[in-house]
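Q: Sequence plus the predicted model coming up.
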Amino acid sequence: DTGVSQNPRHKITKRGQNVTFRCDPISEHNRLYWYRQTLGQGPEFLTYFQNEAQLEKSRLLSDRFSAERPKGSFSTLEIQRTEQGDSAMYLCASRITGGASGELFFGEGSRLTVL
Amino acid sequence: AQTVTQSQPEMSVQEAETVTLSCTYDTSENNYYLFWYKQPPSRQMILVIRQEAYKQQNATENRFSVNFQKAAKSFSLKISDSQLGDTAMYFCAFMKHVADSWGKLQFGAGTQVVVTP
């Protein structure tokens, strides 16, 4: 399978714990995006990378959130001191610069439940 | 800021019938893209159809077509000859036509489409 891969698919944690999600994009895609989707809503943009550089962060991304893409391949999204409001599906997507404008290739998401 | 509104939380349609999903948006931009994405249950979201705002001709992809009304800021999706596999959440999305916005989509809340036998 050469699609976007996300792990873990589901994470249940207690409030105050740290969690980390991983995204492996399609191999030749140099742009990688993180979105958050809460119940009953559409995805909301969080941040994106071009290769290893994080080019933009949404104001939705509080100080407790950090994302990295150290070698321009996979990416991690860490949430520190989780809160119940962090419960959501975290979606990763990738694309290649110059590809069909706007088409994103999404992973299946990582669902976070904070108790 | 852009907003995307999908006013139909859920639509039900029988196999082989046609269903139309509505989407309106608000923007001050003149050049932009509009999309419909499909999110099947427990599966990844995939692009259904794309419309460039400067193109007057409505986009079509097999059984999927759009009715793009730029002045009215309306972008509806028509699914013809509905199939069971069309059951999914459908999201309308907006993207500015500027380089640093590629991939930054503004999504609506979604419309759940249920196709029944």
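A: It's in.

Q: Centre-most residue in the chain?
A: Just so you know, I chose chain A. residue A:34 (3.3 Å; C-alpha atoms, centre = their mean).

Q: I was thinking of chain B, sorry if that wasn't clear
A: Taking C-alpha atoms, centre = their mean, the centroid of chain B lies closest to residue B:36, which sits 2.8 Å from it.

Q: Which elements pack onto the helix or strand containing the residue nearest to the centre of chain A?
A: Using DSSP states H and E, residue A:34 maps to strand A:31-37. In terms of contacts (3 or more C-beta pairs under 8 Å, 6 or more residues apart in numbering or on different chains; DSSP states H and E), strand A:31-37 is packed against strand A:44-50, strand A:75-79, strand A:88-95. Backbone N, C-alpha and C define where each C-beta goes, glycine included.

Q: 6 Å - rerun?
A: The elements that strand A:31-37 packs onto, with contact taken as 3 or more C-beta pairs under 6 Å, 6 or more residues apart in numbering or on different chains; DSSP states H and E, are strand A:44-50, strand A:88-95.

Q: Any regions of chain A where pLDDT drops low?
A: By pLDDT under 70, the low-scoring segments of chain A are A:1, A:99-102.

Q: Kindly recompute the last result at 50.
A: By pLDDT under 50, chain A has no low-scoring segment.

Q: beta partners for the residue nearest to the centre of chain B?
A: Assessed by DSSP bridges, residue B:36 has beta-bridge partners residue B:49, residue B:92.

Q: Stretch A:54-73: which residues count as buried?
A: Within stretch A:54-73, the residues that count as buried by 16 or more other C-beta atoms under 10 Å in any protein chain shown are A:54, A:57-58, A:61, A:65, A:67, A:69.

Q: Residue A:4 is in contact with residue A:105, isn't it?
A: Yes: using C-beta atoms under 6 Å, residue A:4 makes contact with residue A:105 at a distance of 5.5 Å.

Q: what's the overlap in contacts for these two?
A: Residues touching both residue A:4 and residue A:105 (C-beta atoms under 6 Å, 6 or more residues apart in numbering or on different chains): residue A:94.

Q: can you count the residues close to the residue of chain B found nearest chain A?
A: Using C-beta to the nearest C-beta, the point where chain B gets nearest to chain A is residue B:107, with a distance of 3.0 Å. Residues near residue B:107, counting by other C-beta atoms under 10 Å in any protein chain shown, number 21.

Q: need the contact list for it.
A: Counted by C-beta under 6 Å, 6+ apart, residue B:107 has contacts A:42-43, B:91, B:93.

Q: Select from those residues the one having the most neighbours.
A: residue A:43 (28 neighbours).

Q: Excluding residues flanking it in the chain, which one is nearest that residue?
A: For residue A:43, ignoring the flanking residues on the chain, the nearest one in space by C-beta to C-beta, 6 or more residues apart in numbering or on different chains is residue A:35 at 3.8 Å.

Q: roughly how far apart are that neighbour and residue B:60?
A: Noted for residue A:35: a distance of 27 Å to residue B:60, by C-beta to C-beta, to the nearest Å.

Q: same deal with residue B:37?
A: 17 Å.

Q: In chain A, what residue comes closest to chain B?
A: Closest point on chain A to chain B, by C-beta to the nearest C-beta, is residue A:42, at 3.0 Å.

Q: residues touching that residue, list them.
A: B:91, B:107-110.

Q: Next step: these restricted to helices.
A: Per DSSP state H, helices hold no members of the contacts of residue A:42.
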